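In: coords please:
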Amino acid sequence: MVKYKFSKVEVAQWQKEHNQSVFYINKNDSNVFVKRRYSFGWTVNLAHPVAWIIIAVLIALIVFVNMFRKATLG
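Out: Okay, the predicted model is just below:
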């Protein structure tokens, strides 16, 4: 399967056809960030490997900040 960047219209059509309201998981789309279907803002394409790296970095950052705060407060 060939990956290519979906346009905004194609993303909206794909979401409508696959009834995806919370998560966007499209293996054929090479976009990492896509516009949300029902609210304002952006979401990540969970089928894209870079999305998982971004999520892991954010979680690691949250854990690091919490550990640092506990070390300085305690």
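In: Tell me where the model's unsure across this protein.
Out: 1-2, 20-21, 74 (pLDDT under 70).
In: And the residue nearest the centre of it?
Out: Val44 (1.7 Å; Cα atoms, centre = their mean).
In: For Val22, give its distance to Ser39.
Out: As defined by Cβ to Cβ, to the nearest Å, Val22 lies at a distance of 11 Å from Ser39. All C-beta atoms are positioned from the backbone trio N, CA, C, and that covers glycine.
In: coming back round to it: in terms of helices and strands, where is the residue lying closest to the residue nearest to the centre of the chain once chain neighbours are set aside?
Out: In space, and not counting its chain neighbours, Val44 is closest to Ala51: 4.0 Å by Cβ to Cβ, 6 or more residues apart in numbering. Assessed by DSSP states H and E, Ala51 sits inside helix 49-73.
In: And the contacts of that helix?
Out: 32, 44-46 (Cβ atoms under 8 Å, 6 or more residues apart in numbering).
In: Mind doing that once more with 10 Å?
Out: Contact with helix 49-73 is made by 24-25, 30-33, 43-46, 48, as judged by Cβ atoms under 10 Å, 6 or more residues apart in numbering.
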